[in-house]
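Engineer: I'd like to go over a predicted model; first the sequence, then the structure.
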Amino acid sequence: MKIWAHRGCSQMYPENTLTSFKKAAEIPGLEGIELDIQFSSDGHMVVIHDERVDRTTNGTGFVRDFTLSELQSLKIDSVNGEIEKIPTINEVLDLLGPYMRKGLKLNIELKTSIYPYVGIEKKIVELVKERGLTDQIVWSSFSALSLPIIRELLPDADIGMLADRASDCMRIHKAGIGSNAIHPYARAMDLTKEELEGMTVRAWFLKHLYPEKPTGTRLDFKALEEQGITDVFLNEPEVYL
């Protein structure tokens with residue numbers, strides 16, 4: 001089973017922060033780190049999951065309505081009373097670039113299914129090209145409109161179709177949107193292993209993010225493999241590696 005850090009080490013540290021990414025990058029055997037990108041109102045690519053800042057910061061409102069300066073002035077409460085900020089993708093690549101050149105992968109999720117963020121595909125592809133990191137990137141989105149753009153810009157890209165149910169992922173994948181992997185919700189595996197034969201299946205889980213307390217439960221990887229899952233996005237990868 002290949003293990004990915006979902007928004008970094010997001011059980012022990014605030015999700016999608018430089019600390020959560022650094023802690024994840026330091027874990028031996030980690031396949032990669034997953035994160036989410038959106039545009040600020042002035043066109044900067046920032047790393048944050050929700051379309052609103054309310055849940056993860058001390059601010060209120062939509063990400064797209066804040067300038068970069070305004071977004072980075074918001075506070076994210078972290079461990080030991082420390083304060084984090086919303087990072088730009090440039091800051092994340094500055095941090096993770098050395099690890100990626102040694103084999104670590106990065107799954108960039110384009111948060112374009114609710115707001116299209118026109119032009120974000122071209123901008124992020126140009127950035128990873130400039131940094132020489134294209135071979136280490138996995139692209140994903142819930143938007144079936146973004147992924148063909150990525151495929152056109154990067155013919156050899158590793159692209160995963162995101163959806164809740166495995167059957168929805170597969171249906172859209174087969175429609176020819178340019179994906180070569182599917183990223184379903186792990187509790188919505190409604191296809192058999194035989195139906196998924198030969199497919200890269202990176203499954204994700206919900207909840208149990210910082211500052212929620214760990215549940216102490218452990219996943220049964222054998223059972224997941226029997227469902228056809230090849231990779232998992234986990235909030236606490238350090239527990240398994």
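Structural biologist: Happy to help now that I have it.

Engineer: Tell me which residue lies farthest from the centre of the protein.
Structural biologist: residue 194 (26.9 Å; CA atoms, centre = their mean).

Engineer: Secondary structure element for it, which one?
Structural biologist: Here residue 194 is covered by no helix or strand, with elements defined by DSSP states H and E.

Engineer: Residue 125 looks like it's in a helix, true?
Structural biologist: Yes - looking at residue 125 with DSSP: H, G, I helix; E, B strand; the rest coil, it is inside a helix.

Engineer: what's the spacing between it and residue 91?
Structural biologist: 18 Å (CB to CB, to the nearest Å). Heads up, the C-betas are built off the backbone N, CA and C, glycines and all.

Engineer: quick one, which of these two is more surrounded?
Structural biologist: For the pair residue 125 and residue 91, the greater number of neighbours falls to residue 125 (20 against 16), based on other CB atoms under 10 Å.

Engineer: Please save the CA atoms from the biggest strand by length in the chain in CSV.
Structural biologist: The strand that spans the most residues within the chain, counting by DSSP state E, is strand 32-39. Only the C-alpha atoms of strand 32-39 are listed here, as CSV (Å, rounded to 0.1, in the frame of the first residue of the first chain):
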residue,chain,number,x,y,z
GLY,A,32,3.8,11.8,-1.4
ILE,A,33,1.9,14.7,0.0
GLU,A,34,-1.5,15.9,-1.1
LEU,A,35,-2.5,19.6,-1.1
ASP,A,36,-5.1,22.0,-2.5
ILE,A,37,-4.7,25.2,-4.5
GLN,A,38,-6.9,28.2,-5.2
PHE,A,39,-6.5,31.8,-6.4
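
Engineer: can you pull out the strands in this structure?
Structural biologist: 2-6, 32-39, 45-47, 76-77, 83-84, 105-110, 137-141, 158-162, 181-183, 200-204, 231-234.

Engineer: Within its sheet, name the partner strands of the fourth one and how each one runs.
Structural biologist: Same thing as strand 76-77. Applying DSSP bridges, strand 76-77 is found paired with strand 83-84 (antiparallel).

Engineer: One more: the last one?
Structural biologist: On the basis of DSSP bridges, the sheet neighbours of strand 231-234 come out as strand 2-6 (parallel), strand 200-204 (parallel).

Engineer: can the ones you listed go into a markdown table with extra columns for mean neighbour count?
Structural biologist: Shown next, in a markdown table, are the strands paired with strand 231-234 (neighbours: other CB atoms under 10 Å):
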| stretch | mean neighbour count |
| --- | --- |
| strand 2-6 | 23 |
| strand 200-204 | 23 |
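
Engineer: Please list the outside residues in contact with the longest strand of the chain.
Structural biologist: Residues outside strand 32-39 that contact it (CB atoms under 8 Å, 6 or more residues apart in numbering): 4-8, 16, 21, 24-25, 45-49, 51, 63-64, 89, 92, 96, 104-111, 115, 117, 120, 124, 136, 138, 204, 233.
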